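Asker: Okay, sequence plus prediction incoming.
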Amino acid sequence: MRYVRYFLLLFCLMAMARAEKPASDDLIYNQVKIKLAGDRDVKGGGIDVNVQSGVVTLKGRVDTDRAKSRAEHLTKKVKGVKQVIDQLQVQSK
């Protein structure tokens, strides 16, 4: 029984250590690109994504104001994102 307690304690400590580890910039970049590419309003095209220490900068052109705000909203929802700098421009037709 004592070994079971030690095992559970060790398991909990490992889980806590893993949960506290921040997401890497590469992982954040990939997740943001996936979310933007899969959204019907944003359509992922024409948006450059740069990530530094969890701060995501979005640059490029989008077709509508809705796409601009949607891109920022989707980016903020990615785990590990600390801040979004939205430098997207709405392209006039």
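Answerer: Great, that's in hand.

Asker: contacts and neighbour counts: CA atoms only from here.
Answerer: Will do.

Asker: Check what pLDDT the spatially most central residue of the chain gets.
Answerer: In the chain, the centroid-proximal residue (CA atoms, centre = their mean) is residue 78; its distance is 2.9 Å. In this model, residue 78 is scored at 95, pLDDT.

Asker: For it, which three-state class applies?
Answerer: With DSSP: H, G, I helix; E, B strand; the rest coil as the basis, residue 78 sits in coil.

Asker: which residues sit in contact with it?
Answerer: 28, 31, 32 (CA atoms under 8 Å, 6 or more residues apart in numbering).

Asker: Just among the residues you listed, which is most surrounded?
Answerer: The member of the contacts of residue 78 surrounded by the most neighbours (other CA atoms under 10 Å) is residue 32, with 27 neighbours in all.

Asker: ok, it touching residue 74?
Answerer: Yes: with contact defined as CA atoms under 8 Å, residue 32 and residue 74 form a contacting pair (7.5 Å).
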